[in-house]
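Q: for reference, the sequence and a predicted model appear below.
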Amino acid sequence: MAANEWLAVAMFAAFITLIFTGYPVAWVLGGLAVLFTALAIIAEVDFAIIMDVDWAYTSLTVDRIWEVMTNWVLVALPMFIYMGLMLDRSGMADALMRNLVRLLAGVRGGLALTVALIGLLLAASTGIIGASVVLLALLGLPVMLKAGYAPSFASGTICAVGTLGILLPPSIMLVLMADRLALPVGDLFLGAMFPGLLLGALYIGFILLYARFKPDAAPPPTERGPVTLQLLGAVALAVLPPAALILAVLGSIFFGLATPTEAAGVGAGGATLLALLNGRLNWTVLADVLEQTTRTSAFIFAIFLGATAYSLVLRGLGGDELMARMLLELPFGPAGIVLCILLMTFILGFFLDWIEITLIVLPLVAPVVVALGFDLVWFTVLFAVCLQTSFLTPPVGFAIFYLKGVAPPGLDVRTIYRGVLPFIGLQVLGGALIFYWPDIVTWLPAQAYAPPS
């Protein structure tokens, strides 16, 4: 390899290594960009073999940052974050939990099934894993443990269902991916709809089978009330408002009535209205939601800026060309190469957050996938499924630590790890189904944009 390629490899290895030091990721990315520019100058390496190395090259970062900060698609990001946080405060999940528990009392594993159904609704309305996992844990975990559910089964269900928010639209991860790959956000939202529902169906199927064949892990309820019209009406009243908000946000995007940015504004306003109608909106709640939205948005955008500088220098050193050449030279055929990329993504997910992988790795491998003749929307959704799995895999496994932070003292991390293992297997199964049947992703976008007959 040439000197510039050795520097590119060293730059990527340094990034992986420094993540474990605990320094803020944005500083790590920006610092490495400056450091390896200096090393390239010392080594007299030509950036991308097209220009002499000097500090003027890194001034291009200013132009890239300006493009990031003036990107209208990314305006949707803080509004979707606000929407999710405000919905969590609206009391929507509380009412759903109370009524669904009564409705499904006669179903073995009904409490876990209730958590799964609420999790699906939260996933399609919040898109924030931390908020979903914590809310489901606070609402469902004490009830399940009190009913005699196995701690591993209860905690695994909450962690797994809570991660669906990163895949089901409106997902902030899909917004970032669309921006990095210059794809329409609506295409990714449409493509991810069926895969997200597929994973939800796999979870629900597993819950029902597990409760049937291991009754000690999910004992039947001791008290069962009758299913009345009043109960059905209460369930409908709890489901309809958030369902209407989801339809307003996603439907306006899918049918071309609004851009993702405009739809995000509708979602933020609708979530505020729901909180107001439920009597949960006050100045304290509004200030807290705004503060958390600002913090989360600033965190993501800081990494965005660091990743912009890092990617610019890495590409200048020829890192993207090196990655493409190494992958295309693998003796596995096009499908085998894509599987290698997904396996690498799965392994990186053990150690890295989805934001770093999305901003650094995805733009490097996407051109290879396009060169191999695969649909980029299909691959991006499959990539997103792999990243969703990373929330459940140790040692990082953010969903596990979100749950541990609010779990009762007797629930240790090892028990939670045991609980998520079957769901990791279901994630892999879902990814395999999507890989072998691409229509699961591509059918809905094709129908949406097909000319009328």
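A: Cool, the structure landed.

Q: ok, residue 123 to residue 299 distance?
A: 21 Å (CB to CB, to the nearest Å). Bear in mind the C-beta positions are built from the backbone N, C-alpha and C, glycine included.

Q: neighbour count winner among these two?
A: When neighbours are counted by other CB atoms under 10 Å, residue 123 and residue 299 differ, and residue 123 comes out ahead with 28 against 14.

Q: isn't that one up against residue 197?
A: No - with contacts defined as CB atoms under 8 Å, residue 123 does not count as touching residue 197, sitting 9.9 Å away.

Q: name the residues contacting each of those two.
A: residue 168 (CB atoms under 8 Å, 6 or more residues apart in numbering).

Q: number of residues surrounding residue 219?
A: Neighbours of residue 219 using other CB under 10 Å come to 15.

Q: now do residue 327
A: Neighbours of residue 327 (other CB under 10 Å): 21.

Q: contacting residues for it?
A: Here residue 327 is in contact with 337, 340, 341, 365, 368 (CB under 8 Å, 6+ apart).

Q: retrieve the pLDDT associated with it.
A: Predicted confidence (pLDDT) for residue 327: 79.

Q: what does residue 55 give?
A: 60.

Q: swap in the one 10 residues further on?
A: Per-residue confidence (pLDDT) for residue 65: 68.

Q: how about the one 5 residues further on?
A: The predicted local distance difference test score for residue 70 is 69.

Q: look up how far residue 287 lies from the residue nearest the centre of the chain.
A: The centroid of the chain falls nearest to residue 166 when counting by CA atoms, centre = their mean (2.4 Å). Going from residue 166 to residue 287 by CB to CB gives 27 Å.

Q: cool, and residue 113?
A: The value you get for residue 113 to residue 287, if CB to CB is used, is 36 Å.

Q: quick one: which of those two has more around it?
A: Ranked by neighbour count (other CB under 10 Å), residue 113 and residue 287 place residue 113 first, with 21 against 10.

Q: in this structure, which ranges drop under the pLDDT threshold?
A: 1-2, 43-73, 125-128, 130-131, 221-227, 395-396, 449-453 (pLDDT under 70).

Q: max-length helix in it?
A: If you go by DSSP state H, the chain has its longest helix at helix 283-316.

Q: helices and strands around it, which ones?
A: Contact partners of helix 283-316 among helices and strands, from 3 or more CB pairs under 8 Å, 6 or more residues apart in numbering; DSSP states H and E: helix 3-19, helix 25-42, helix 60-69, helix 76-89, helix 354-356.

Q: same thing but at 7 Å, please
A: The criterion is 3 or more CB pairs under 7 Å, 6 or more residues apart in numbering; DSSP states H and E, and the helices and strands that helix 283-316 contacts are helix 25-42, helix 60-69, helix 76-89, helix 354-356.

Q: now those helices as a markdown table including distance to residue 403 and mean neighbour count?
A: Output for those, formatted as a markdown table (distance: least, CB to CB, whole Å; neighbours: other CB atoms under 10 Å):
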| stretch | distance to residue 403 | mean neighbour count |
| --- | --- | --- |
| helix 25-42 | 23 | 18 |
| helix 60-69 | 33 | 13 |
| helix 76-89 | 15 | 26 |
| helix 354-356 | 17 | 22 |
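
Q: extract the CA atoms of stretch 274-286 and return them as PDB.
A: Coordinates of each C-alpha in stretch 274-286 appear next as PDB, following Å, rounded to 0.1, in the frame of the first residue of the first chain:
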ATOM      1  CA  LEU A 274     -52.000  15.600  22.900                       C
ATOM      2  CA  ALA A 275     -50.100  16.600  26.000                       C
ATOM      3  CA  LEU A 276     -52.400  19.600  26.500                       C
ATOM      4  CA  LEU A 277     -55.600  17.500  25.900                       C
ATOM      5  CA  ASN A 278     -54.400  14.900  28.500                       C
ATOM      6  CA  GLY A 279     -53.700  17.700  31.000                       C
ATOM      7  CA  ARG A 280     -50.000  16.900  31.100                       C
ATOM      8  CA  LEU A 281     -48.700  20.100  29.500                       C
ATOM      9  CA  ASN A 282     -47.300  22.800  31.800                       C
ATOM     10  CA  TRP A 283     -44.300  25.200  31.800                       C
ATOM     11  CA  THR A 284     -42.100  22.700  33.700                       C
ATOM     12  CA  VAL A 285     -42.800  19.900  31.200                       C
ATOM     13  CA  LEU A 286     -42.300  22.200  28.200                       C
END
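
Q: buried sites along that stretch?
A: 274, 275, 280, 281, 285 (16 or more other CB atoms under 10 Å).

Q: hmm, who's touching the helix or strand encompassing the second one?
A: When elements are assigned from DSSP states H and E, residue 275 belongs to helix 260-277. Identification of contacts with helix 260-277 by CB atoms under 7 Å, 6 or more residues apart in numbering yields 72-73, 75-76, 79-80, 82-83, 86-87, 89-90, 92, 170, 175, 185-186, 241, 245, 248-249, 252-253, 258, 281, 285.
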